[in-house]
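*Asks:* Got a predicted model here, sequence first, then my questions.
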Amino acid sequence: MIERIFWIFCALAYSLFAINTNFEASMINNVLIAYTLLIYCGWKLGSSFDIEQHWLNKLSNYKGIAGVLIASFTLAFWMIPNWMELAASNTQIQLIKHFSMFTLVGLPLGLSWSQSNFVIRGFVKIELLSMLLRLGWIYLISPTRLCNIYSLSEQALLGKALLSLAVALTLYYLYPLFVDQNDRAKKLTPGL
Amino acid sequence: MSPLQPLNKSARLAILCYVGISAIVFLLMMIVGLVMRASQAQLIGVPPQFFYQLMTAHGGSMIVTSGLAASAVLWYFLRRYTNLYTPILWINLGLFLTGVVLILGSIFIGGFAGAWTFLFPLPSHGLGIWSTGAATAFIVGLLLIGVGFLIFYLEVARAILKEYGSIPKALGWPQLFKNSSDTMPPATIVAGTMVFIVNILGILAGAVVLVLILINLYVPRFEVDPLLTKNLTYFFGHVFINATIYQAVIAVYELLPQYTGRTWKVNKVFLAAWTASSLMVMAVYPHHLMMDFAMPSWMAISAQIFSYANGIPLIIVTAWGALTIVHRSGIKWDAASLLLMIAIFGWSAGVIPAIIDATVAVNKVMHNTLWVPGHFHFYLLTGLVAMLLGFMIYMINGDDQSAPINPNKPIDVKPMTAADTSAIWVYTLGSIGFSMMFLISGTASVPRRWAEHFPEWIVYSQVATVFGSFIVLAMLILVIKIVIRLPKARTL
Ligand code: HEM
Ligand SMILES: [Cu+2]
């Protein structure tokens, strides 16, 4: 219980902080820090529930697919420059953005991830990588500012950051495939 | 190993759909190819615009159908070693068919004719011949097919990793590098592992570049770099079509042992060849960009070196393995095993003109001549398609369908009918002749992708058309046989 309150508190605290400062006036802060932080808190909250056997979950969230889909569509929505821009100039929209990052991206992912399997996870990871690469590429080449409030150079910097993130994530995802799963399991549970 | 369980009903039906659909599409698209060649030969009149539509349909359908048929081979044999989840086969097929409908619609309704390589910025430069909508349908169609295959190879990865623990173990690295005395991974596992690695990465590149082209269609001010786009496109295209052979060859590794009652010995040389090729197949794609002077020259040079080094070891271990397994085995040939042997020859021979073209000095002259379709038709017709046909005929050519496979005793074979024998040889000779005519035209500097040819070139096309009709005729006989007997295909 304490843990759950802690994650909700974190998200709230961040949100309060962000609307009272101009922290999100930097694109990197906005996309890389704010999004990640809110999603992480939501994820932690979601994964503290064990809903797998709940009838509603069985009915609607087969292998966590629905949760993963909700999360990806919401995230994609907040990657659209027009909405990012609106959120940056209007506090209400900004709050909605924070709220949906927490409850519509992080939370469903946390609730669903443990139920998903190798193929679904792999698919989400590949989709995430390709989204980072596409966005990074777009930000790098865009001749104009996609959001009026962010400068061109900052936009290009974000592009590079996203591309680097994609490369780092690729290595991170590949690494476990090169380590024997059975050996690893044995090391983790020496009693077996 | 525990005795093989028959395929479950749903998986068997799915595999048979893969086989039947690809056999029919191959035949139809060969007819389309023949129409193109006959029109270059001025034997029939095809309006130029329509020629490019046909060329786009022929190239695109052949590539994705090869992928479909090859994935059936992989699945069919992989499930002998791992637990595969059948619904994936259907999801892939569903996405494949939806994608194909979109692609054919974009070509024949929307008039899209930008070639299957969708090279940027061609899709957005329809000049009124095709609309943005048509280009969109083509790209979305390819994306859907890509999604299907992505799911398919993720499932392959899951199943292999579950059984073998990690990529190094599935590729036999402990045996190769650490002298481990564990039993070698079976050839199918080694090939399957290489294929899922390169294809997942290839599809990732394809998914990125296709969406970027799509965005550019609607927001032209995002000017994507044409050279970067071309790199990604060819990384994806080269890897995908090459991986079809690496899957189809599994039929050789699995079936020749069944025909001879021997085992396919996986040794260190075999493992080394596959590991090396896994890496190199991803490094050779710049041989498609040798004439792009803005490319760094080290890429062209390394592509040339890797192109030499990539194909040859695999072919040598495969051809050597096949010859030793057949040598003095008392093998009784049937249509399937004969096709598989021919395919090994075709693959080996077809690589020679490919390697010649991957030489920078030659490429300067041969780039974009008919030499290029010459080399790939050679190994696709006599190598890849022959392997796939061998597999298909094996599927339909068993009398005692559910007899268990005894690893120490050759399976019963059906003797070849006169129709089989003649169809196979006509197919083989026709394919060699047809590809040779492309190669010869290439040495005479006839450009590729030209709807209309100069009078001096027409004789090449005319001879090629004769060879092409041999192929189509033989294919007709084989495909009819395959499709008719499909319901009675093997269940193991
Ligand atoms: C009877 C058999 C076949 C015939 C008559 C045929 C004919 C042709 C012709 C005339 C072209 C255009 C050449 C040019 O002027 O550039 C072509 C291109 C092509 N063919 Fe075939 N073909 C046959 C089989 C195949 C097979 C089995 C495959 C693949 C598995 C294949 C894949 C391709 C590809 C990828 C292209 C390139 C299209 C492009 O340039 O965009 N063909 N074929
Ligand atoms: Cu290539």
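*Replies:* It's in. These numbers come from a predicted model, not from an experiment. Ligands and ions are numbered 1, 2, ... in the order given.
*Asks:* Find the nearest non-adjacent residue to B:Ile21, please.
*Replies:* Spatial nearest neighbour of B:Ile21, chain neighbours left out: B:Leu68 (6.9 Å); criterion: Cβ to Cβ, 6 or more residues apart in numbering or on different chains. For every residue, glycine as well, the C-beta is placed using N, CA and C.
*Asks:* repeat for B:Phe270
*Replies:* Here the residue nearest B:Phe270, using Cβ to Cβ, 6+ apart, is B:Val317, at 4.9 Å.
*Asks:* quick one: least confident helix or strand in chain B?
*Replies:* helix B:360-366 (a mean of 85; mean pLDDT, DSSP states H and E).
*Asks:* Find the closest residue to ligand 1 in chain A.
*Replies:* Taking Cβ to the nearest ligand atom, ligand 1 has its nearest neighbour within chain A at A:Ser130, 24.7 Å off.
*Asks:* For the host helix or strand of that residue, buried residues please.
*Replies:* Using DSSP states H and E, the element containing A:Ser130 is helix A:118-141. Across helix A:118-141, burial judged by 16 or more other Cβ atoms under 10 Å in any protein chain shown covers A:119-141.
*Asks:* and if you look at stretch B:193-213?
*Replies:* Using 16+ other Cβ under 10 Å as the test for burial, stretch B:193-213 gives B:193-213.
*Asks:* wait, B:Leu204 sits on A:Ser130?
*Replies:* Yes. The pair B:Leu204 and A:Ser130 passes the contact test of Cβ atoms under 8 Å, sitting 5.8 Å apart.
*Asks:* Do a quick rundown of the helices in chain A.
*Replies:* A:2-20, A:27-28, A:36-47, A:55-60, A:65-77, A:81-89, A:91-100, A:107-113, A:118-141, A:152-174, A:181-188 (DSSP state H).
*Asks:* Same list, those, but as TSV with distance to chain B and mean pLDDT please.
*Replies:* Shown next, in TSV, are these (distance: least, Cβ to the nearest Cβ, whole Å; pLDDT from 0 to 100):
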stretch	distance to chain B	mean pLDDT
helix A:2-20	29	90
helix A:27-28	17	80
helix A:36-47	22	93
helix A:55-60	18	83
helix A:65-77	12	90
helix A:81-89	11	81
helix A:91-100	23	92
helix A:107-113	16	92
helix A:118-141	4	92
helix A:152-174	9	91
helix A:181-188	5	57
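*Asks:* And those helices: which comes nearest B:Ser441?
*Replies:* Smallest distance to B:Ser441 across the helices of chain A (Cβ to Cβ): 39.0 Å, for helix A:118-141.
*Asks:* elements contacting that closest one?
*Replies:* The contact analysis (3 or more Cβ pairs under 8 Å, 6 or more residues apart in numbering or on different chains; DSSP states H and E) places helix A:118-141 against helix A:65-77, helix A:152-174, helix B:132-164, helix B:187-218.
*Asks:* and with 10 Å instead?
*Replies:* helix A:65-77, helix A:107-113, helix A:152-174, helix B:132-164, helix B:187-218, helix B:226-260 (3 or more Cβ pairs under 10 Å, 6 or more residues apart in numbering or on different chains; DSSP states H and E).
*Asks:* Which one, of those helices, ends up nearest to B:Ala276?
*Replies:* Taking these one by one with Cβ to Cβ, helix B:187-218 is closest: 10.1 Å.
*Asks:* at contact distance from chain A, anything in the closest one?
*Replies:* Yes. Using Cβ under 10 Å from any Cβ of the partner chain, helix B:187-218 reaches chain A at B:193, B:197, B:200-201, B:203-212, B:214-216.
*Asks:* How about stretch B:79-87?
*Replies:* Yes. Under the criterion of Cβ under 10 Å from any Cβ, chain A is reached by stretch B:79-87 at B:Tyr85.
*Asks:* where are the low-confidence patches of the stretch 251-400 of chain B?
*Replies:* Where the stretch 251-400 of chain B drops to pLDDT under 70, the residues are B:399-400.
*Asks:* Compute the inter-axis angle for the helix or strand encompassing the residue nearest to B:Ile21 and helix B:226-260.
*Replies:* In this structure, B:Leu68 sits in helix B:48-78 according to DSSP H and E. Per axes from the mean of the first three to the mean of the last three Cα atoms, to 10 degrees, the angle that helix B:48-78 makes with helix B:226-260 is 50 degrees.
*Asks:* can you list the residues of the stretch 251-400 of chain B near chain A?
*Replies:* Within reach of chain A by Cβ under 10 Å from any Cβ, the stretch 251-400 of chain B has no residues at all.
*Asks:* And the helices in the stretch 251-400 of chain B, which stretches?
*Replies:* B:268-280, B:297-326, B:335-357, B:360-366, B:371-377, B:386-396 (DSSP state H, counting those that start in this stretch).
*Asks:* Residue numbers of chain B in contact with ligand 1?
*Replies:* Within reach of ligand 1 by Cβ under 6 Å from any ligand atom, chain B has these residues: B:30, B:33-34, B:36-37, B:55, B:58-59, B:62-63, B:66, B:115-117, B:373, B:377, B:380-381, B:385, B:448-450, B:468, B:471-472.
*Asks:* Let me see the contact set for residue 164.
*Replies:* I'll assume chain A. Going by Cβ atoms under 10 Å, 6 or more residues apart in numbering or on different chains, A:Ser164 touches A:132, A:136.
*Asks:* My question was about chain B, not that one.
*Replies:* Taking Cβ under 10 Å, 6+ apart as the criterion, B:Tyr164 is in contact with A:180-182, B:81-82, B:170-172, B:185-186, B:189-190, B:193.
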